[in-house]
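Asker: Structure for the following, please:
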Amino acid sequence: MKQVIFILMATLAISCNQIYPKMDNGSSHELAVEEVIQASGYTYLKFTDNDTEQWLATTTIDAKVGEKYYYEKSMVMENFHSKELNRDFKTILFVDRITTEPISGEEKTKPVAPGSAKAKAEKMVVVIEKSKDDITVANLYSNKETYANKLVLIKGKVVKYSPEIMNKNWIHIQDGTEYDGNYDLTVTTLSEFKVGDIVTLEGKIVLDKDFGYGYIYDVLLEDAVAK
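Answerer: Residues are numbered from 1 along each chain as shown. Model (predicted):
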């Protein structure tokens, strides 16, 4: 079955001082897109559900008015304010999996946490010149216990950038190295970047960072600053 599967970080849904989101783990839902709003790293879709206007948010997709999508699990957020759009949503759904065809019984799996292998950014071809003493993404994953709660310096290419989530900017970097299928490092920072930037960052390595609802980062570089 041809599918389009996207992972929306739960942190987007708790980025404001608002009521904590509720989970909807019901059956599969179908929607017909009535309006599309593209934001930095996210797509907002308007549709009608039981004669009521509804909005859904997911990571960026090339959705068009009239297209049909399917989703199963969602986080329901009330009175959500989007800083980027400067818009209030009475109710909005944050969807962790959206497809172009109905979700069959055998495909109904638990949401994928953004720190897991399935939720990493797409692997890019990255060639970065480093010194022999530089830490690599492969080093971090192969020796993560050694680096836990320590400041590290790492150089990589920004492959994904999501601004202003929980008052921080979130990026994914890759450096062309890999260990046991792990080639992508998630970073939180106050600095601003754009996709394609080659950056050298210093921050603290945190393991098994849990944001709730099963969203756990195996390895996270927190509060990084550019060097």
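Asker: Please pull up the helix or strand immediately following whatever helix or strand Glu164 lives in.
Answerer: In the assignment (DSSP states H and E), Glu164 maps to strand 151-165. Per DSSP H and E, the first helix or strand lying C-terminal to strand 151-165 is strand 168-174.
Asker: which regions of the chain lie under the pLDDT threshold?
Answerer: Scanning the chain for pLDDT under 70 picks out 1-27, 103-121, 211-215.
Asker: Strands of that one, start to end?
Answerer: In the chain, strands defined by DSSP state E lie at 22-24, 29-32, 35-39, 42-49, 52-59, 68-71, 74-82, 87-95, 98-99, 151-165, 168-174, 185-189, 198-210, 216-226, listed in chain order.
Asker: mind putting those strands in TSV, distance to Thr136 and mean neighbour count included?
Answerer: Backbone N, C-alpha and C define where each C-beta goes, glycine included. As requested, these are exported to TSV (distance: least, Cβ to Cβ, whole Å; neighbours: other Cβ atoms under 10 Å):
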stretch	distance to Thr136	mean neighbour count
strand 22-24	37	12
strand 29-32	42	16
strand 35-39	32	14
strand 42-49	30	18
strand 52-59	26	18
strand 68-71	37	18
strand 74-82	34	19
strand 87-95	33	18
strand 98-99	33	22
strand 151-165	7	18
strand 168-174	10	22
strand 185-189	10	23
strand 198-210	13	16
strand 216-226	13	18
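Asker: Can you add distance to Val126 and give those back as CSV?
Answerer: As requested, the strands of the chain are exported to CSV (distance: least, Cβ to Cβ, whole Å):
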stretch, distance to Val126
strand 22-24, 36
strand 29-32, 36
strand 35-39, 26
strand 42-49, 24
strand 52-59, 21
strand 68-71, 32
strand 74-82, 32
strand 87-95, 30
strand 98-99, 28
strand 151-165, 5
strand 168-174, 5
strand 185-189, 12
strand 198-210, 9
strand 216-226, 17
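Asker: Farthest from the middle of this structure: give me that residue.
Answerer: In the chain, Lys132 marks the outermost C-alpha relative to the chain mean, sitting 31.6 Å out by Cα atoms, centre = their mean.
Asker: For the nearest residue to Ile198 once chain neighbours are set aside, give me its contacts.
Answerer: Closest residue in space to Ile198, ignoring its immediate chain neighbours: Lys157 at 5.5 Å, by Cβ to Cβ, 6 or more residues apart in numbering. Neighbour list for Lys157: 124, 126, 128, 173-175, 196-199 [criterion: Cβ atoms under 8 Å, 6 or more residues apart in numbering].
Asker: quick one, what contacts the closest residue to Tyr147 other than its chain neighbours?
Answerer: Distance criterion Cβ to Cβ, 6+ apart; nearest residue to Tyr147, sequence neighbours excluded, is Ile205 at 4.4 Å. Contact analysis of Ile205 by Cβ under 8 Å, 6+ apart lists 140, 144, 147-150, 152, 219-222.
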